[in-house]
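Novice: quick one: sequence and predicted model below, then my questions.
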Amino acid sequence: MPRRPTRALAVGGVVVAVLTVALLLGSGLGHRDSLAAAPLVRRPAPHFALPALDGRRDGAVRLADLRGHVVVVNFWASWCDECRTEQAALNRMWERFRDAGVVVVGVDFEDAVGDARAYVARSGASYPIVVDTASRTALAYGLRGVPETYVVDASGRIADRVVGPATSPRLERAVTRLLTGPGR
Amino acid sequence: MTAVRRRPERRHRLAVLGPVVLAVVVAVAALLVTAAPGRGEAPTRAEQAREIASTLHCPVCQDLSAADSPAPLARQMRLQIRHRLAAGDSPRRIRQRFVASYGPSVLMTPPDRGWGRAARVLPGTLLAGGLLGGLLLVRRGVHEGRSGRQPGAGLSRVPLDRGLLDRQLRDLADDRAAGRVGEEEHATLRADLERQSAALPPEPRPCAGAGGDAPGRTPRHALRAAVGLLATGAVVASSVLLAGSLAHRPAAAAGSETSPGAVRPPGAGPGRDPLAAVAAAVTEVRRSPRRASAHVELARAYAAAGRRRLAAVEYLAASRLDPGNAEAGTALAMVAYEAGSARQAEALVTRALAAHPSYPEALYTRGLIRALGLHRSAAAIRDLEAYQRAAPLGSHRATVATVLALLARGAIR
């Protein structure tokens, strides 16, 4: 009869292994969102002062100058197909909310300046477009790719983050909540 | 006799344990060599930067460190690490900065807390479990090897297999029948084989049907049932976790509800066919006739469809329901101003601003009314400058700049 305890041990080992793998698999699947989740949400937005894409000195944007406004910071690139998908939503958002004090800022990421300028000319974007030299701002915001959009509230905190193409309802919901929230 | 018997036993044990011990020694030595801190001179800044980068994930790659990735963002990470080292930041501080932006998942090695601790402990636990299991199996092998060599057994090399023993018994019977062994020799050899057969553990019983031997089946079936249950539990747990993670994703297409009296930008609303928007807004007003935001939505839809009078009626309804509604108040002020009543317009927009002092559209409207309708330059300048502060990139900024310039020159009185 010495086989029984060993067999029970082996079966127990298999059960533990199955449970462990299942748990890790489940946790890994559950973790995908948190991997993409920004730890910066509800924390102060990293400061940036970036030059305008068109080179105009008055087109430069300093986030600190926009304190008191809801700011939509959209990271994009001319080589990014999904950025084209969300362009109409951003344009619409800007046209509708700019007179409510909302500012949309496009941040060009890892791009050739000529390509980026040509893209902007075609896109119909009339909001300020700046260039993230050396990707410092992208790294500060924890960017994992483009497009990514951050909504910064009037107090300078990141209120929302959209990974991938932003849609009109999503952006409008985020901005409207900030415009109609307490203190407004 | 005992010493003679123990020698092959010890040799057997050594043959089994030797490789295991050797493997453990090699593994521990390899761990010590790889984990040992670098010897020799202090690393250069470039080496230090590379070492830090090798502990960070490239954020835009799959399973590549920032040191190994050719992605431009990883290159910028390496550059930033070098700059920060040059600025005097410690490696720990540099890592913390990246963790602050990207979260702990940016680290190649999980942090020593929460799931990270579990992930650190798990390999060690599994290794220890494996070693323990291996040792138990080795012990079992040694034990079985020992139990196979019964004292006094003449056939020490006879394999411990019941089938083979049975076959040897049959062969022995055949040899006796053929006259190849004598009666006495047959009796001795048969007795030996039977002793060995008796020393073997009982043969497992075949799995019976419904009417089978219940006491014989119970432990194995209980184990199988437990394994099945646990596996099912694991699958269910995984499904629950998966469902939870999916449920966590934000619904992208959900609309937003505006509270009564809220400030909404002019023209804000779903981008669709104006008449369809009017129809939808009418339905909403019918459903909630006492909700100011429904009337504001309908007013916007009418305005977008070019039905300005109907828009004014809806703004008026919204203003009645919610006197502090900034958008309704501002829109009505414009209607009053266009109808020639600048004072009434100013009163309406002032009421809107009392509720929402920094609503840019109201500041702009009052500034224009005061400048062009009431000729109160100083008050108009205050409003228009407040508009510039509230909406520095607003759509009226060019108009506001022109009006302010005209007011400053005294061209508008």
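Specialist: That came through fine. Numbering: from 1, shown residues only, chains lettered A, B, ... in the order given.

Novice: which ones are touching B:Arg50?
Specialist: Each residue near B:Arg50 by Cβ atoms under 8 Å, 6 or more residues apart in numbering or on different chains is listed here: B:67, B:78. For glycine as for every other residue, the C-beta is placed from the backbone atoms N, C-alpha and C.

Novice: that one should be in a helix, yeah?
Specialist: Yes: secondary structure of B:Arg50 (DSSP: H, G, I helix; E, B strand; the rest coil): part of a helix.

Novice: so which residues of chain A form helices?
Specialist: Taking DSSP state H as the test, the helices found in chain A are A:3-36, A:81-97, A:113-123, A:136-140, A:168-180.

Novice: out of these, the one nearest B:Thr55 is which?
Specialist: Closest to B:Thr55 of the helices of chain A, according to Cβ to Cβ: helix A:136-140, at 15.7 Å.

Novice: packing partners of that closest one?
Specialist: On a contact count with 3 or more Cβ pairs under 8 Å, 6 or more residues apart in numbering or on different chains; DSSP states H and E, helix A:136-140 meets helix B:72-86, helix B:91-102.

Novice: other SSEs contacting the shortest one?
Specialist: For helix B:91-102, the helices and strands in contact under the criterion 3+ Cβ pairs under 8 Å, 6+ apart are helix A:136-140, helix B:45-54, helix B:72-86.

Novice: just the buried residues of it, please?
Specialist: B:94-95, B:97-99, B:101-102 (16 or more other Cβ atoms under 10 Å in any protein chain shown).

Novice: likewise the longest one?
Specialist: For helix B:72-86, burial by neighbour count (16+ other Cβ under 10 Å) applies to B:73-82, B:84-85.

Novice: that one to helix B:91-102, inter-axis angle?
Specialist: On the basis of axes from the mean of the first three to the mean of the last three Cα atoms, to 10 degrees, helix B:72-86 is oriented at 140 degrees to helix B:91-102.

Novice: anything in helix B:72-86 near chain A?
Specialist: Yes: using Cβ under 8 Å from any Cβ of the partner chain, helix B:72-86 reaches chain A at B:72-73, B:76-77, B:79-80.

Novice: still on that earlier bit, could the buried residues of helix B:72-86 be laid out in TSV, adding pLDDT and distance to A:Ser155?
Specialist: As requested, the buried residues of helix B:72-86 are exported to TSV (pLDDT from 0 to 100; distance: Cβ to Cβ, whole Å):
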residue	pLDDT	distance to A:Ser155
B:Leu73	92	29
B:Ala74	93	33
B:Arg75	92	34
B:Gln76	92	29
B:Met77	94	29
B:Arg78	94	34
B:Leu79	93	32
B:Gln80	93	27
B:Ile81	95	31
B:Arg82	93	34
B:Arg84	93	28
B:Leu85	94	33
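
Novice: next, format the residues you listed as TSV and append distance to A:Leu179.
Specialist: What follows is these, written out as TSV (distance: Cβ to Cβ, whole Å):
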residue	distance to A:Leu179
B:Leu73	33
B:Ala74	38
B:Arg75	39
B:Gln76	35
B:Met77	36
B:Arg78	41
B:Leu79	39
B:Gln80	35
B:Ile81	39
B:Arg82	42
B:Arg84	38
B:Leu85	43
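
Novice: which one of those is nearest A:Gly59?
Specialist: Looking across the buried residues of helix B:72-86 and measuring by Cβ to Cβ, the closest to A:Gly59 is B:Gln76, at 23.3 Å.

Novice: and the pLDDT at the residue lying closest to that closest one once chain neighbours are set aside?
Specialist: Closest residue to B:Gln76 apart from its sequence neighbours, by Cβ to Cβ, 6 or more residues apart in numbering or on different chains: A:Ser135 at 4.1 Å. Among the per-residue scores, A:Ser135 holds a pLDDT of 94.

Novice: and the next element down the chain from the lowest-mean-pLDDT helix or strand in chain B?
Specialist: The helix or strand of chain B with the lowest confidence, counting by mean pLDDT, DSSP states H and E, is helix B:214-247 at a mean of 58. Later in the chain than helix B:214-247, the nearest helix or strand by DSSP states H and E is helix B:274-287.

Novice: need the residues that contact that following helix.
Specialist: Applying Cβ under 8 Å, 6+ apart, the external contacts of helix B:274-287 come out as B:269-270, B:294-295, B:297-298, B:300-302, B:304-307, B:314.

Novice: helices along the stretch 51-200 of chain B, start to end?
Specialist: Shown for the stretch 51-200 of chain B, the helices assigned by DSSP state H, counting those that start in this stretch span residues B:72-86, B:91-102, B:115-148, B:162-178, B:183-199.

Novice: ok, of those helices, where does mean pLDDT dip lowest?
Specialist: Comparing mean pLDDT across the helices of the stretch 51-200 of chain B, the weakest is helix B:115-148, with a mean of 68.

Novice: where are the low-confidence patches of chain A?
Specialist: Where chain A drops to pLDDT under 70, the residues are A:1-5, A:25-37, A:181-184.

Novice: my guess is the residue nearest to B:Gln76 meets B:Arg78, correct?
Specialist: No: between A:Ser135 and B:Arg78 there is no contact under Cβ atoms under 8 Å: 11.3 Å.

Novice: nearest to chain A among the residues of helix B:72-86 next to chain A?
Specialist: B:Gln76 (4.1 Å; Cβ to the nearest Cβ).

Novice: which ones are touching that closest one?
Specialist: B:Gln76 sits next to A:134-136, A:138-139 when contact means Cβ under 8 Å, 6+ apart.

Novice: show me the domain layout of the chain.
Specialist: Went with chain A since none was named. Domain assignment for chain A by automatic domain parsing gives A:1-36, A:49-180.

Novice: I was after chain B.
Specialist: Taken from automatic domain parsing, chain B resolves into B:43-109, B:153-199, B:349-413.

Novice: so which of those domains is the most surrounded?
Specialist: Highest mean neighbour count of these: domain B:349-413, a mean of 19 (counted as mean count of other Cβ atoms under 10 Å in any protein chain shown).

Novice: how about the residues of the stretch 1-150 of chain B by chain A?
Specialist: With the criterion set to Cβ under 8 Å from any Cβ, the stretch 1-150 of chain B comes near chain A through B:59-60, B:72-73, B:76-77, B:79-80, B:98-103, B:105, B:115, B:122, B:126, B:129, B:133, B:136-137, B:140, B:143-144.

Novice: re the thing from before, B:Glu346: which of the helices of the stretch 51-200 of chain B is closest?
Specialist: Closest of the helices of the stretch 51-200 of chain B to B:Glu346 is helix B:91-102, at 48.9 Å (criterion: Cβ to Cβ).

Novice: hmm, who's touching that closest one?
Specialist: A:39-40, A:46, A:139-142, A:144, B:48, B:51-52, B:55-57, B:59, B:77, B:81, B:84-85, B:89, B:106-107.
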